[in-house]
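Peer 1: any chance you could fold what I've pasted below:
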Amino acid sequence: MVSINKLKLLKYEYSKIIYFAGFNFEVQSDSEEVIKEIDEYVSPLEVCDSKLPMNRFYVKFAISPDIEREIREFCEKNGVEITARTDVTYLKAKTNGFVFYASYKNLEPFVIVVKNKTFVIIGADKTIASIRAPLRIIREVSLRQLENQGGCFVHSAAVAFNNGQDAFLITGDGGAGKSTLMWYLVKYLGADFITNDRAITLQSKDGISIYGWPMCLRLGLGTVNATMDINKLRNYTFHRPQVKGLWNQQVEDNENAKLNWGNDDKLEITPKEACDITGTTIRSKSLVKGLFFPRLQIGSGKIRISPIEDTQVVRILNDNLREPVDEDYGRGWLDQRTVEDFVLIENKTKLMRNLMKLPRWIIQGDPRYLENSIYELKKYCKQI
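Peer 2: From the prediction side, this is the model:
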């Protein structure tokens, strides 16, 4: 039996209130690294949204090999395997109103104890996986709570203009050039950064709000090479380890550009690093006023911007509004989602109808011509 009383003896030296997606997270930790990790991803500008229920959640972190081992043994004996996302699995067990999770398979050892709105992460040691666990919990809780209120999970990038008031949703299939277009808008048009690959939308009488998804930006070396000084980046101390051989990729000629511009070996930077590198502002929330649908491909000619046909919009949105299940993040693993699948599907359908009413354009061509099309892009951004 797990001794719950031991959890009450854990000490937390560091604390911070995090406001994200309209929710209040009180983070407590015995390690300053946990606070710094969250600060790399969550905008410091967000304030509470009074239109959403003001829920407070408690996320705590401590290192205790003995408690970690005791809970892990309990989960190994009584738990079932669950998948949090494609590469993250846990053993889950319950007793006396508590829910326990033990990292499993490829994850370094840590456990999570859940009771009501309190989440306690206990690491066997201070590892990357355990340090990142509080941020994963903040993301998961925010997403599922917003789903309960009518929100939809979207496979999109997003930027904002006009001091963060007006957002463009950048939507498309994998490899369409969402991150590339997002980066050019941030780098050359001074757009504020919201999100790189996932977002949460919430509909209200004011319109469609978009909330960023705090995760790293993954940029292909072609985009990096075209917009930044590679030599300076080589000497930059990044928060995340970079893939070996990243800087040796060749993208200058057509053949190598086709091979390496958008391959899986990408530069990974945090939103805070994106802010440091470009001078952009991180926004956690904005109102969607328009949509871009990139279709960028090496060798496809100069950039063309035009209205996009309804049939294309319906197909792309249907594939990239990730309800009721996301291929990477599933249906949730912390038992926070309380609505049925049919409700999420109805919300997705309603969101599609409302997005179809907004200004929307398709951006086609070779991404190497994007810099030459910045002024044309600026005209469309001003139309929202």
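Peer 1: so which bits of stretch 235-252 are buried?
Peer 2: Buried residues in stretch 235-252, counted by 16 or more other CB atoms under 10 Å: Gln242, Gln249, Val251. In short, each C-beta sits where N, CA and C put it, glycine included.
Peer 1: what's the spacing between Pro367 and Arg234?
Peer 2: Distance, Pro367 to Arg234, using CB to CB, to the nearest Å: 22 Å.
Peer 1: so which residues of the stretch 101-250 of the chain form helices?
Peer 2: 128-148, 178-189, 221-227, 230-234 (DSSP state H, counting those that start in this stretch).
Peer 1: and these, which is most packed in?
Peer 2: Neighbour counts (mean count of other CB atoms under 10 Å) averaged over each of the helices of the stretch 101-250 of the chain peak at helix 178-189, with a mean of 23.
Peer 1: centre of the chain to that one, how far?
Peer 2: Counting by CA atoms, centre = their mean, to the nearest Å, helix 178-189 is centred 17 Å from the centre of its parent chain.
Peer 1: just to revisit the earlier point, could you export the helices of the stretch 101-250 of the chain as a markdown table, including distance to Ile303 and mean pLDDT?
Peer 2: Supplementary listing: these in a markdown table, determined by distance: least, CB to CB, whole Å; pLDDT from 0 to 100:
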| stretch | distance to Ile303 | mean pLDDT |
| --- | --- | --- |
| helix 128-148 | 34 | 96 |
| helix 178-189 | 10 | 96 |
| helix 221-227 | 13 | 90 |
| helix 230-234 | 23 | 87 |
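Peer 1: closest one to Ile384 among these?
Peer 2: Evaluated over the helices of the stretch 101-250 of the chain, closeness to Ile384 peaks at helix 178-189, with 12.5 Å, by CB to CB.
Peer 1: just name whatever secondary elements the closest one is in contact with.
Peer 2: strand 156-161, strand 166-171, strand 192-195, strand 217-219, helix 221-227, helix 271-278, strand 285-296, helix 374-381 (3 or more CB pairs under 8 Å, 6 or more residues apart in numbering; DSSP states H and E).
Peer 1: for Lys16, which of the ones you listed is the nearest?
Peer 2: Ranking the helices and strands packed on helix 178-189 by proximity to Lys16 (CB to CB) places helix 271-278 first, at 14.7 Å.
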